[in-house]
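K.L.:
Structure of the sequence below:
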Amino acid sequence: MQTQRTGNQLSLTWSQGDIPVGSTIFQSRSSEIGASKKQLLVVDKETHLLLLNEDLPVFFIIQKPDGVSEIVGERIIPFEGCFNFRDLGGYVNMAGKRVKWGKLYRSSLLSNLTTKDHDTLETMGIKWICDLRSTAEIAAKPSPIFPTIKNRHIPIGTAKNETSETQKMEIPDDPRVYEPLMGESYRVFVQSKDGFREILEYIIDKADLPFLFHCTAGKDRTGVLGALLLKLLDVPEKTILADYELTNKYADAILGEMQGLIEVFSGNTQKIELEHFRPMAEARPGYLEIAFDEMRKEYGSVDAYLEKGIGISTTKKAKFQSMMLEGE
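P.N.:
Coordinates of the predicted model:
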């Protein structure tokens, strides 16, 4: 089953057998089974449902004849002032358990959110936001303040005490350097064990969900944290890589965002061939695999990195799974 939104049209498509005849499909603004909902359809031979709705996000609650209910959410949530906003729910782990929708969200920077976007975040019930950017990036493009949502800065790839002053840097002219630079960045992210520990322990200990995390493009630092969260839930690596690649829908938007940052950090004195930076704007699976390989090199496996490197014990992992997997 999958959802797709175009403007105010939201569709749910499924294969025969996915939803048994006699099932009832409801819509809801909440991912909780018992939440307020509106009946849409009692399934006969249909394999498609089209809903006209401008609400974000919408969850479909499927109540089957045997009494079992299933939720399907929107993977990509089209905010007006923020791209690459996604729900990490719905993935099936190696034990056949499904990740709950509406609990873990990832996105690009939030600096350009509209009034409608602010209202959407409030409606989604997000409890806290984690900004993975450097202090200098935040100074260049500050995040908005949300009265009811905690905003924490836990940088990945840079030290917590780094300066907020924008340091002028030289931008290489050779486009061949950018792909290797990305690979090196992912090796650096792996060393941010204290940052990952602080984030993961807070999520697990406080059970403060729903939770949103982001960097500038919602691609690299966000991609590694998203991969670690799914790994803790025993989601297969193939699925994790496929989720990571969804960012490529926004490669051009990321290039545009990079242009502004490059101009700030280069002092706006260099001519910029923006297309040279495309390797930095794309979510190439090889980048995430470099991070995984670095974890394996140091600890033997990604699971061991999470347990021994970051410090997420089997007890904490089990607690996180009980929070985040349906039927737990």
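
K.L.:
I'd like the next helix or strand past the one helix or strand in the chain whose mean pLDDT sits lowest.
P.N.:
Sorted by mean pLDDT, DSSP states H and E, the helices and strands of the chain end with helix 251-265, the least confident at a mean of 75. Following helix 251-265 in sequence order, the next helix or strand is helix 278-281 (DSSP states H and E).

K.L.:
now the following helix or strand past that next one, how far from the centre of its chain.
P.N.:
Going down the chain from helix 278-281, the next helix or strand is helix 285-299, by DSSP H and E. Offset of helix 285-299 from its chain centre (Cα atoms, centre = their mean, to the nearest Å): 19 Å.

K.L.:
Could you do stretch 52-68 as well?
P.N.:
22 Å.

K.L.:
repeat for stretch 207-218
P.N.:
Distance of stretch 207-218 from the chain centroid (Cα atoms, centre = their mean) equals 7 Å.

K.L.:
can you check stretch 202-213 too?
P.N.:
Centre to centre, stretch against its chain (Cα atoms, centre = their mean), the figure for stretch 202-213 is 14 Å.

K.L.:
Next: stretch 204-219.
P.N.:
Distance of stretch 204-219 from its chain centroid, counting by Cα atoms, centre = their mean, is 8 Å.

K.L.:
Could you list the low-confidence segments of the stretch 51-200 of the chain?
P.N.:
Applying pLDDT under 70 to the stretch 51-200 of the chain flags the ranges 161-176, 178.

K.L.:
in it, which spans are helices?
P.N.:
115-124, 135-140, 178-190, 193-206 (DSSP state H, counting those that start in this stretch).

K.L.:
So what touches the first one?
P.N.:
Contact partners of helix 115-124, identified using Cβ atoms under 8 Å, 6 or more residues apart in numbering, comprise 29, 56-57, 79-82, 102, 105, 113, 144, 146, 148-149, 210, 212. (Glycine included, C-beta is placed from N, CA and C.)

K.L.:
Could I get the CA-only coordinates of that helix as PDB?
P.N.:
Output of helix 115-124 as PDB, limited to C-alpha atoms (Å, rounded to 0.1, in the frame of the first residue of the first chain):
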ATOM      1  CA  THR A 115       2.300  30.300   9.100                       C
ATOM      2  CA  LYS A 116       0.400  27.300   7.800                       C
ATOM      3  CA  ASP A 117       3.500  25.100   8.300                       C
ATOM      4  CA  HIS A 118       3.700  26.300  11.900                       C
ATOM      5  CA  ASP A 119       0.100  25.300  12.400                       C
ATOM      6  CA  THR A 120       0.700  21.900  10.800                       C
ATOM      7  CA  LEU A 121       3.700  21.200  13.200                       C
ATOM      8  CA  GLU A 122       1.500  22.100  16.200                       C
ATOM      9  CA  THR A 123      -1.300  19.800  14.900                       C
ATOM     10  CA  MET A 124       1.200  16.900  14.400                       C
END
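
K.L.:
Okay, buried residues for it please.
P.N.:
Buried residues in helix 115-124, defined by neighbour count with 16 or more other Cβ atoms under 10 Å: D117, H118, T120, L121, M124.

K.L.:
Once you drop chain neighbours, what's closest to the first one?
P.N.:
It refers to D117. Spatial nearest neighbour of D117, excluding adjacent residues (Cβ to Cβ, 6 or more residues apart in numbering): F79 at 4.8 Å.

K.L.:
List the contacts of that neighbour.
P.N.:
With Cβ under 8 Å, 6+ apart, F79 has these contacts: L56, F85, S107, L113, T114, D117, T120.

K.L.:
Which of the residues you listed sits closest to T135?
P.N.:
S107 (19.6 Å; Cβ to Cβ).

K.L.:
could I get the helices of the stretch 51-200 of the chain as TSV with distance to L230?
P.N.:
As requested, the helices of the stretch 51-200 of the chain are exported to TSV (distance: least, Cβ to Cβ, whole Å):
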stretch	distance to L230
helix 115-124	20
helix 135-140	25
helix 178-190	16
helix 193-206	12
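
K.L.:
ok, how many other residues are close to G286?
P.N.:
12 (other Cβ atoms under 10 Å).

K.L.:
Touching, it and P180? I think so.
P.N.:
No - counting by Cβ atoms under 8 Å, G286 does not reach P180; the two are 11.0 Å apart.

K.L.:
how about the residue lying closest to F292 once chain neighbours are set aside, what does it touch?
P.N.:
Nearest residue to F292 in three dimensions, chain neighbours excluded: V302, at 5.6 Å (Cβ to Cβ, 6+ apart). Contacts for V302 (Cβ under 8 Å, 6+ apart) come out as L228, K231, E237, F292, M295, R296.
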